[in-house]
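[1] Give the three-dimensional model of this entry:
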Amino acid sequence: MIALGCDHGGINLKTAIMKYLDDNKIEYKDFGCYTEDSVDYPIYAYKVATRVASGEFKLGILCCGTGIGISIAANKVKGIRAAVVSNEFGAEMTRRHNNANILCMGGRVTTEEDAVKFADIFLNTPFSSDEERHTRRVQMLSDIENGSFSVD
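    Below is the predicted model of the structure:
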C-alpha cells in the first residue's frame, strides 16, 4: 500500500496520482491535505514518512510546490530516503540505485502528466539489491543517519 500526502501546492499532482492508482487498482491511503487552502507541508511529510518508516506502508509519494520542502521534512524521519525528481531517469534511479522509499514532486514545476509517469516508474522499479555497490551505499546512508559512519 502507498502513503500519499501533499500541501496546497501539490494537491493537483496528488489528485492526478490518486486517479492513476485507482485506475491501476493500487491501494493507497491519502493523508491530506484536501483543499487548496494554505497549510504547512511538514505536517503531511511527517504523517507519510513516519508510516513508511514504520513499515505500515511500503512506499510514499509527497507533493508540494517544488517537492523540495516536503522532501527535506520527510528526510528528517529516521529510515526515510525521500527524493525529489523532475524527470523519468531520476524516478527510475532513485529506486534502482538509492532504494528511495518516498517520491517527492512539485505541483508548480511538474505537470500532472509527468507526475503520473514518474509515480508509475517509481512504483514499478525495484532496488538493484543484487548489485553490491548499491546495497553498500544505501547502508552507508543508514550509518550516517545512525551516527556510526566514519571516514578515515
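[2] going forward, measure contacts and count neighbours with C-alpha atoms only.
    Noted.
[3] ok now stretch 31-43, how far from the chain's centre?
    Mean-position distance between stretch 31-43 and its chain equals 16 Å (C-alpha atoms, centre = their mean, to the nearest Å).
[4] Break down this protein into its strands, ranges please.
    In order along the chain, the chain carries the following strands (DSSP state E): 2-6, 28-30, 59-64, 82-84, 102-106.
[5] Minimum distance to E113: which of the ones you listed has it?
    strand 102-106 (12.2 Å; C-alpha to C-alpha).
[6] will you turn the strands of the chain into a markdown table that also has mean neighbour count, distance to A45 and mean pLDDT?
    What follows is the strands of the chain, written out as a markdown table (neighbours: other C-alpha atoms under 10 Å; distance: least, C-alpha to C-alpha, whole Å; pLDDT from 0 to 100):
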| stretch | mean neighbour count | distance to A45 | mean pLDDT |
| --- | --- | --- | --- |
| strand 2-6 | 27 | 7 | 98 |
| strand 28-30 | 16 | 12 | 98 |
| strand 59-64 | 29 | 7 | 98 |
| strand 82-84 | 26 | 10 | 98 |
| strand 102-106 | 29 | 10 | 98 |
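[7] Any idea which of these gets closest to R133?
    Nearest of these (C-alpha to C-alpha): strand 82-84, 19.3 Å.
[8] Adjacent strands (with direction) for that closest one?
    Next to strand 82-84 in the sheet, as set by DSSP bridges, lie strand 102-106 (parallel).
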